[in-house]
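Peer 1: show me the folded form of this:
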Amino acid sequence: MTKDAGIAAVLDALNARVQARARLRVWSLVVTVFGDAVAPRGGRVPLVVLQEIVGRLGVEAGAVRTAMSRLASDGWVERERQGRNSFFSLGRHGRHAFDLATRRIYAGGAPGWDGGWTVAVVPPGTVNADTAELEALGFVKAAQGVFLRPETAGAPDASAGLSGLFVVRGASAEHPETLHALWPSQETAAAYRAFAAAFSPLHAALAAGARPLPLDAIAARTLLIHEWRRIVLRDPGLPERLLPRDWPGADARELAHGIYRALAGPSESWLDAAGLPPLTDTEGFSRRWEG
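Peer 2: This is a model prediction of the structure:
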């Protein structure tokens, strides 16, 4: 078996393991491709390129077309026809969501913290408060209608999400490490451990010198980020001082970083050959996972 074939077999086994846990949602997988591979190259991609990448993961072309129609209807992407070819680019909603998620997905580790807090209380009778957005902004639900966030370095601007809420800011808290009792830390820890167990064979193969074919590389990279973002975007991203003991997130992140670094070259080569524009921010791309 060649080194190329070895990676292909590892990717197939990994894909089967991931889908045995929960069948991949095609629209979500496409969102991963956009955020990870398309957005850094200008945000516009032919439909056939998306179909080829996720097709390597067993997704049929018709399912991709259906997913793109859904994303267009929801304002995530915009569709453009050129002859018989379809192209998709990020819509305003999609660009905002990717900007918010990118910092969390590719962070180099737990953020720094100076002890500051924000407490947000949803007033009784408020019907427009987007609590899902608050959680995406790093707030932890402490009680019904009460959300906390340690103000860490690089935390996203929460002004829009806090509009209409009662907000208290300060730097005093007794026993702040007990914050992890307010969110499902055991569930998140288990997700990190399952991620590491699933992707360790791929990491081992790459570390041993296996060379993936370019299509296998971009497909493996997509699956890696798809599974990683599923966990990290539900994790509030607490500073190290507030995390439970023996937190597995750092080890999982190191594993993901190692795999991504090994796949970056051949996967970017595939995107070049597919005709996507060059990277618009090569320095920013090279700093992914570095902090």
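Peer 1: could you list the low-confidence segments of this structure?
Peer 2: 1-5, 127-129, 291 (pLDDT under 70).
Peer 1: in the stretch 151-291 of the chain, which spans are helices?
Peer 2: Residue ranges of the helices in the stretch 151-291 of the chain, as given by DSSP state H, counting those that start in this stretch, are 159-162, 185-207, 214-232, 249-273, 282-286.
Peer 1: please work out which of the ones you listed is packed deepest.
Peer 2: Comparing the helices of the stretch 151-291 of the chain on average neighbours per residue, with mean count of other CB atoms under 10 Å, the densest one is helix 214-232 at a mean of 22. Heads up, the C-betas are built off the backbone N, CA and C, glycines and all.
Peer 1: thinking again about what came up before, for residue 139, which of the helices of the stretch 151-291 of the chain is the nearest?
Peer 2: Across the helices of the stretch 151-291 of the chain, residue 139 has its closest neighbour in helix 159-162 (8.0 Å, CB to CB).
Peer 1: ok, residues contacting the closest one?
Peer 2: Contact with helix 159-162 is made by 118, 120, 130, 133-134, 137, as judged by CB atoms under 8 Å, 6 or more residues apart in numbering.
Peer 1: try stretch 193-200
Peer 2: Stretch 193-200 is contacted by residues 14, 17-18, 21, 224, 227-228, 231, 248, 251-252, 255-256, 259 when judged by CB under 8 Å, 6+ apart.
Peer 1: tell me the one of these nearest residue 151?
Peer 2: For the contacts of stretch 193-200, the nearest to residue 151 is residue 231 (22.9 Å; CB to CB).
Peer 1: quick check: that closest one touching residue 189?
Peer 2: No - shown here, residue 231 and residue 189 do not form a contact pair, counting by CB atoms under 8 Å, at 10.0 Å.
Peer 1: re the thing from before, so which of the contacts of helix 159-162 are in helices?
Peer 2: 133-134 (DSSP state H).
Peer 1: how about the contacts of helix 159-162, which pair is most distant?
Peer 2: Largest pairwise distance in the contacts of helix 159-162, by CB to CB, is 15.8 Å, between 118 and 130.
Peer 1: how close does residue 151 sit to residue 181?
Peer 2: As defined by CB to CB, to the nearest Å, residue 151 lies at a distance of 20 Å from residue 181.
Peer 1: with neighbour numbers in mind, choose between the two.
Peer 2: Between residue 151 and residue 181, residue 151 has the larger neighbour count (other CB atoms under 10 Å), namely 18 against 9.
Peer 1: residues in contact with the more buried one?
Peer 2: Residues near residue 151 by CB under 8 Å, 6+ apart: 113-114, 116-118, 169.
Peer 1: quick one, which of residue 118 and residue 130 is more surrounded?
Peer 2: Neighbours per residue (other CB under 10 Å) separate residue 118 from residue 130, with residue 118 holding more: 19 against 12.
Peer 1: partner residues bridging the more buried one?
Peer 2: residue 149, residue 169 (DSSP bridges).
Peer 1: the residue sitting nearest the centre point of the chain and residue 186, how far apart?
Peer 2: Centroid-nearest residue in the chain, with CA atoms, centre = their mean: residue 229, separated by 2.7 Å. Using CB to CB, residue 229 is found at 20 Å from residue 186.
Peer 1: residue 159 too?
Peer 2: 32 Å.
Peer 1: ditto for residue 195
Peer 2: Look at residue 195 and residue 186: by CB to CB, they are 15 Å apart.
Peer 1: could you do residue 171 as well?
Peer 2: 29 Å.
Peer 1: with adjacent residues omitted, what lies nearest to residue 56?
Peer 2: residue 219 (3.8 Å; CB to CB, 6 or more residues apart in numbering).
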